[in-house]
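Undergrad: Structure, please.
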Amino acid sequence: MDIAALRSANPDHWMKATAIRALTLDAVAAANSGHSGMPMGMADVATVLFEKHLKFDPANPDWPDRDRFVLSAGHGSMLLYSLLYLTGYEDMTLDQIRNFRQWGSKTAGHPEYGHAKGIETTTGPLGQGLANSVGFAIAEEALRARFGKKLMDHHTYVIAGDGCLMEGVSQEAISLAGRQGLGKLVVLWDNNNITIDGSVDLADRTDQVKRFRASGWHVQEIDGHDPAAIDAALTEAKRTRKPSMIACKTHIALGHAAQDTSKGHGALTDADQLKAAKEAYGWQHGAFDIPADVKSAWEAIGKRGAEAHADWQERLGEASAQRQAEIERIFARNVPSKLSARIKALKKQISEEAPKLATRKSSEMVLEVVNPIMPETIGGSADLSGSNNTRSGDMTVFDGCNRKGRYIHYGIREHGMAAAMNGMVLHGGIRPYGGTFMCFTDYARPSMRLAALMKVPTVFVMTHDSIGLGEDGPTHQPIEHLAISRATPNTWVFRPCDTVETAEAWELALNSKETPSVLSLTRQGLPTLRREHKAKNLTAQGAYVLAEAEGKRQAILMATGSEVAIAMAARDILQEAGIGTRVVSMPCWELFEEQDESYRRRVLPAGPVRVAVEAAIRFGWDRWLYGERGKREKGDFVGMHDFGASAPAEVLYEQFGITAETVAEKVKALL
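TA: Predicted coordinates:
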């Protein structure tokens, strides 16, 4: 690559792009850690995007109608941090750049949502940003259909690398975007043919251009260092009604001794090589020194968006007060004032009628109440709509013919679904939920983890939550999945015992602003156990006394979900034997942990023996059996110790010993 030719052909552009390269080299060298090559290679693309196409306002970084920029290749975080600093984002200072990858800085090794304005999502796990962007684009389409082009009309731009396109989630995302015809989505592929191990052809021979075309995308191929070609391609991408991929042929670590090598992917810290690269660039400035004319040129780019933002504010001001209030409400993640009353009314109805229902059906009943008053909800399923019960009667299907539809057929794409839902939450104005079988949290897991890490309240509806699903057998019967979800920080795992608890769990999930929820729901019918109506949301306490002991309290049975009914039946056996037994329903461990110690002591006092019942592995239960004033010699567990089997549910519970009789025997043995 002839650096001198690039410099002379577009000198103003070159200096702006070189500011990104210089800051990247300086920050990585100071940290002695990081990834230099991608920002150096994609600096030209990013410069043209921000200067000529991206609609953004650093002074008002959160306005709803801004374009979204997603750096899916998150290892190249210095590209984003440089852009935020250069264009004038208040919280991305030069000191933050100097402290790249250091304790307490906003410039983490990979972009972290919430650290600084302008970081739209947490990226680093490759492919996640690309898959999130599909959710961003879906959210834009849905909100534009609801509020009109005057208030919602923007693009989502993504920089993705070879690694993003190799990860399996990318195909789920690409095919979903193509099927949905997300014309406001533009992916800029950093086509540099290098991965950590070496050239891409060590491991892959995919024709990415044909792959995207086959998935229904508009595709262009350009020189990623030619600003005119980049500008023309972006202009063309904005004209098409298809999602657009621009294959940008670039040189990783452009102008450095490590250019076009796998070494260029990582931390370029050799002082002599750094000096030589800057000399080749014509950059005659010290470390972290951006000349005033270059900085002012970048700041002018940042200020350009103020007018677009002001125009939008004017259009918003012309809208009705009701519409303005609704936009403010949904972007603040506030639920409608009616929600609490509707949930209470449903709880009262269920307590009186006492139906026997699978909690997946209970969930559908809640959604029938919730969705008509929460137009910001978008539901969906990974090809299991009739099994997950995630579509309420008022919902039409979201697709290219009906952007007002609020139900998405994700196809067999659990991972892509979860990532897209995260993107919708991050975009703002949408509260997504999506369903699959609980066993397939395995497929959705990386995105579920990122929801927790980013503190976004995505709702994962996971049905068929135990051996109770029956004949489909051990491949479909979740055993360890409750423990996996519970082990994830900042996640609420709800396993309701009946329709009343299911309604309460949904109310909590929808009111959450920073915590994702996993709803673990049954295939098999469960009796209504909450027969006495209480307006208070007892699930909010995480655990509570469902049935008190008659006579002297000698035993406490703890259970969740479908096993609470088994605990109640065991209590009947024990009470008949003169053994006073309390039953504690524990629909959400995480919320119980948050209660003050005095409440936890009232629910789980010292003294009685304790038996826990759950059709899952024991992992995690010892805290409640032996902690919280319990004793090892006075506690036991009834549940699963291996994988399931294929048979009717009632046979499985009997064969695996998860019965009221087994629970009662455990209690008697401990006394």
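Undergrad: Against Lys242, how distant is Gly400?
TA: 10 Å (CB to CB, to the nearest Å). All C-beta atoms are positioned from the backbone trio N, CA, C, and that covers glycine.
Undergrad: Please enumerate the shared neighbours of the two.
TA: Gly181 (CB atoms under 8 Å, 6 or more residues apart in numbering).
Undergrad: When those two are compared, which one has more neighbours?
TA: The neighbour count for Gly400 versus Lys242, taken as other CB atoms under 10 Å, is higher for Lys242 (19 against 12).
Undergrad: Leu49 belongs to a helix, doesn't it?
TA: Yes - under DSSP: H, G, I helix; E, B strand; the rest coil, Leu49 falls within a helix.
Undergrad: Can you give me the distance of it to Leu130?
TA: Taking CB to CB, one finds Leu49 at 16 Å from Leu130.
Undergrad: Same drill for those two, tell me which one is more crowded.
TA: Ranked by neighbour count (other CB under 10 Å), Leu49 and Leu130 place Leu130 first, with 31 against 21.
Undergrad: Name the nearest residue to that one, ignoring sequence neighbours.
TA: Ser72 (4.4 Å; CB to CB, 6 or more residues apart in numbering).
Undergrad: Would you agree the one you found is in contact with Ile159?
TA: Yes - assessed by CB atoms under 8 Å, Ser72 is found in contact with Ile159 at 6.3 Å.
Undergrad: Could you check which of these two is surrounded by more residues?
TA: Ser72 (31 against 28).
Undergrad: got a pLDDT number for that one?
TA: pLDDT recorded at Ser72 is 98.
Undergrad: Same check on Asp44?
TA: Reported pLDDT at Asp44 in the predicted model: 98.
Undergrad: What of Met1?
TA: pLDDT, Met1: 69.
Undergrad: give the contact list for Gln284.
TA: Lys278.
Undergrad: Phi, psi for it please.
TA: In terms of degrees, to the nearest 10, the main-chain angles of Gln284 are phi -110, psi 60.
Undergrad: State the distance from it to Ala271.
TA: 16 Å.
Undergrad: do Val613 as well
TA: 64 Å.
Undergrad: what about these two, which has more around it?
TA: When neighbours are counted by other CB under 10 Å, Val613 and Ala271 differ, and Val613 comes out ahead with 28 against 8.
Undergrad: Settle this for me: Leu450 is touching Thr123, isn't it.
TA: No - taking CB under 8 Å as the definition, Leu450 is not a contact partner of Thr123, at 9.0 Å.
Undergrad: if you count what's nearby, which of the two comes out ahead?
TA: For Leu450 versus Thr123, neighbours defined as other CB under 10 Å are more numerous around Thr123 (30 against 24).
Undergrad: Surely that one touches Gly129?
TA: Yes - Thr123 lies in contact with Gly129 (CB under 8 Å); the separation is 3.9 Å.
Undergrad: shared neighbours of the two, which are they?
TA: By CB under 8 Å, 6+ apart, Thr123 and Gly129 have these common neighbours: 70-74.
Undergrad: From these, pick the one nearest Leu316.
TA: Using CB to CB, Val70 is the member of the shared contacts of Thr123 and Gly129 that lies nearest Leu316, at 24.7 Å.
Undergrad: And the next helix or strand past whichever strand or helix holds the closest one?
TA: In this structure, Val70 is located in strand 68-71 according to DSSP states H and E. Per DSSP H and E, the first helix or strand lying C-terminal to strand 68-71 is helix 77-87.
Undergrad: From the contact counts, what lies against that following helix?
TA: helix 11-31, helix 37-48, strand 68-71, helix 94-98, helix 292-303 (3 or more CB pairs under 8 Å, 6 or more residues apart in numbering; DSSP states H and E).
Undergrad: ok and that helix relative to helix 11-31, angle-wise?
TA: Here the directions of helix 77-87 and helix 11-31 differ by 120 degrees (axes from the mean of the first three to the mean of the last three CA atoms, to 10 degrees).
Undergrad: relative orientation of helix 77-87 and helix 292-303 in degrees?
TA: Using the same axes, to 10 degrees: helix 77-87 against helix 292-303 is 90 degrees.
Undergrad: Isn't Gly76 up against Pro39?
TA: Yes - taking CB under 8 Å as the definition, Gly76 is a contact partner of Pro39 at 4.8 Å.
Undergrad: Compare those two (neighbour count), which wins?
TA: Pro39 (33 against 30).
Undergrad: Please identify which helix or strand holds Met245.
TA: strand 244-249.
Undergrad: avg pLDDT for that strand?
TA: 98.
Undergrad: Show me which positions of that strand end up buried.
TA: 244-249 (16 or more other CB atoms under 10 Å).
Undergrad: and these, which two are the farthest apart?
TA: Farthest apart among these by CB to CB are Ser244 and Lys249. That separation is 16.5 Å.
Undergrad: can you list contacts of the strand holding Val70?
TA: Here strand 68-71 has contacts from 49-50, 54, 56, 77, 79-80, 111, 118, 120-121, 123, 129-130, 132-133, 136, 154-159, 427, using CB under 8 Å, 6+ apart.
Undergrad: Restricted to helices, list these.
TA: Among these, DSSP state H puts 77, 79-80, 129-130, 132-133, 136, 427 in helices.
Undergrad: now the helices for the stretch 251-400 of the chain?
TA: Along the stretch 251-400 of the chain, counting by DSSP state H, counting those that start in this stretch, helices occupy 271-281, 292-303, 305-318, 321-331, 339-353, 359-370, 385-388.
Undergrad: Would you tell me which of those helices gets closest to Arg523?
TA: Of all those, helix 359-370 comes closest under CB to CB, at 6.5 Å.
Undergrad: Taking helix 339-353 as reference, get the angle to that closest one.
TA: 130 degrees.
Undergrad: Mind giving me the packing neighbours of helix 359-370?
TA: Using 3+ CB pairs under 8 Å, 6+ apart: helix 359-370 touches helix 339-353, strand 459-463, helix 499-511.
Undergrad: now these as JSON lines including mean neighbour count?
TA: Compiled in JSON lines, the helices and strands packed on helix 359-370 are given as follows (neighbours: other CB atoms under 10 Å):
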{"stretch": "helix 339-353", "mean neighbour count": "17"}
{"stretch": "strand 459-463", "mean neighbour count": "27"}
{"stretch": "helix 499-511", "mean neighbour count": "26"}
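Undergrad: quick one: which of those is nearest Ala29?
TA: Of all the helices and strands packed on helix 359-370, strand 459-463 sits nearest to Ala29, with 41.7 Å by CB to CB.
Undergrad: who does that closest one pair up with?
TA: For strand 459-463, the paired strands and their directions (DSSP bridges) are strand 431-437 (parallel), strand 517-520 (parallel).
Undergrad: what about the ones you listed, which gets the closest to Val366?
TA: Closest among those, using CB to CB: strand 517-520, at 9.7 Å.
Undergrad: Not counting the closest one itself, show me its contacts.
TA: With CB under 8 Å, 6+ apart as the criterion, strand 517-520 contacts 363, 438, 441, 448, 457-462, 465, 482, 485, 491-496, 502, 505-506, 508-509, 561.
Undergrad: for that strand, the distance to its chain's centre please.
TA: 14 Å (CA atoms, centre = their mean, to the nearest Å).
Undergrad: And the average pLDDT for that strand is what?
TA: Strand 517-520 comes out at a mean pLDDT of 99.
Undergrad: low-confidence ranges in the stretch 351-500 of the chain?
TA: Along the stretch 351-500 of the chain, segments meeting pLDDT under 70 are nowhere present.
Undergrad: for the protein, where's the lowest mean pLDDT among helices and strands?
TA: The weakest-scoring helix or strand in the chain, judged by mean pLDDT, DSSP states H and E, is helix 3-9 (a mean of 94).
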